[in-house]
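S.K.: Predicted coordinates and the sequence they were generated for:
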Amino acid sequence: MSDWLLNLPVLWMAVVVFAAIYLLAASIYWVVTRLAVNDRARAFKALSPGMLPPLGILFALLVGFIAVEVWNNFDKAKVAVASEASALRAVVLLAGNLPEEQKTRIYALIDRHIEEAINKEWPAMARQRATLSTLRANALIEALHDVLTLKPADDSQRTAQPEMVKALQTALEARRQRIVVSQSAVGTVKWAGILLQGLCTLVAIAMVHSDNRLTCAIALTLFATGIALSLLLIAAYSRPFTGEISVRPDLLRQVMTSGATP
């Protein structure tokens, strides 16, 4: 689905999706009712109404399978950001046991990582251009190196050092996870499958009710509304870091120390 549509506010996305599906339904209504004369009318009426439930069920199954995948990816993105923020917060708290110079440097590196994530990684993830090869967590790697080379001076530092290493590794893994999840999207084949199944069902509804135009219009409108709503829900959540409904770096912002003791 086009980037410009996915970046619209949800209200305007709904307007576009519903308008497009209603226009499609109206076109089907106009074509079928114009063709439903003489032999074609009898042929349309010969279609069994029993076809409609299986077609509707197939459409619902397609929507259900794709929706589950989309929402699972969205949840993975939220978990990854929450895990990263939690791990960075743990590093900030544990750094309080270090000497002032090392503590200040760790704080600065954590802040730098978060600023780069917000200003560089999030826009890249929104455009699905973030990759592990192009975006490197230099600040976190520096922090991990500093902690590994630290020579503990007392028991508190000896206890904090391995915990900080573990937390930094967790943050790095969570960051990798959110970048990987940012590449997830509903493929062209899946969108085509939903639209084609919806189109077939709309055509079948129009043919079955072609002898009663009012009934045909009502049935088409009802099913078109269901199609539009399904497409809207999938589109709004299809890319975890794109659009109005997206995973934002608010939790990471809360971890920033700005050089102050937490």
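M.R.: In hand now; what should we look at?

S.K.: Tell me where the model's unsure across this structure.
M.R.: 1, 258-262 (pLDDT under 70).

S.K.: give the contact list for the residue of it positioned farthest from its centre.
M.R.: Farthest-out residue of the chain from its mean C-alpha position, per Cα atoms, centre = their mean: residue 38, at 49.7 Å. Residues near residue 38 by Cβ atoms under 8 Å, 6 or more residues apart in numbering: none. In this view, the C-beta of every residue, glycine as well, is placed from N, C-alpha and C.

S.K.: before we move on, what about residue 205?
M.R.: 52, 216, 219-220, 223.

S.K.: Which secondary structure elements does the longest helix along the chain sit against?
M.R.: With secondary structure taken from DSSP state H, the chain has its longest helix at helix 52-95. Packed against helix 52-95 by the contact rule (3 or more Cβ pairs under 8 Å, 6 or more residues apart in numbering; DSSP states H and E) you find helix 100-116, helix 155-181, helix 188-208, helix 213-237, helix 250-255.

S.K.: Identify the residues contacting the first one?
M.R.: This points to helix 100-116. So helix 100-116 is contacted by 88, 91-92, 95-96, 98, 137, 139-140, 142-143, 146-147, 150, 249, 252-253, 255-259 (Cβ under 8 Å, 6+ apart).

S.K.: list the buried ones in the very next helix or strand once past that helix?
M.R.: Per DSSP states H and E, the first helix or strand lying C-terminal to helix 100-116 is helix 122-126. For helix 122-126, burial by neighbour count (16 or more other Cβ atoms under 10 Å) applies to 122, 124-126.

S.K.: burial of residue 39, as a residue count?
M.R.: Counted with other Cβ atoms under 10 Å, the neighbours of residue 39 add up to 7.

S.K.: mind listing what's buried in stretch 84-101?
M.R.: Applying 16+ other Cβ under 10 Å to stretch 84-101 flags 84-85, 87-92, 94-95, 97-98 as buried.

S.K.: for stretch 211-228, same thing?
M.R.: For stretch 211-228, a neighbour-count test (16+ other Cβ under 10 Å) marks 216-217, 219-220, 223-224, 226-228 as buried.

S.K.: and the longest helix of the chain, how far from the chain's centre?
M.R.: Centre-to-centre, helix 52-95 and its host chain are 7 Å apart (Cα atoms, centre = their mean, to the nearest Å).

S.K.: now swap in stretch 145-154 and tell me
M.R.: Worked out by Cα atoms, centre = their mean, stretch 145-154 lies 39 Å from the chain centre.

S.K.: same question, stretch 218-231
M.R.: 23 Å.

S.K.: same deal with stretch 89-109?
M.R.: The answer for stretch 89-109 is 34 Å, by Cα atoms, centre = their mean.
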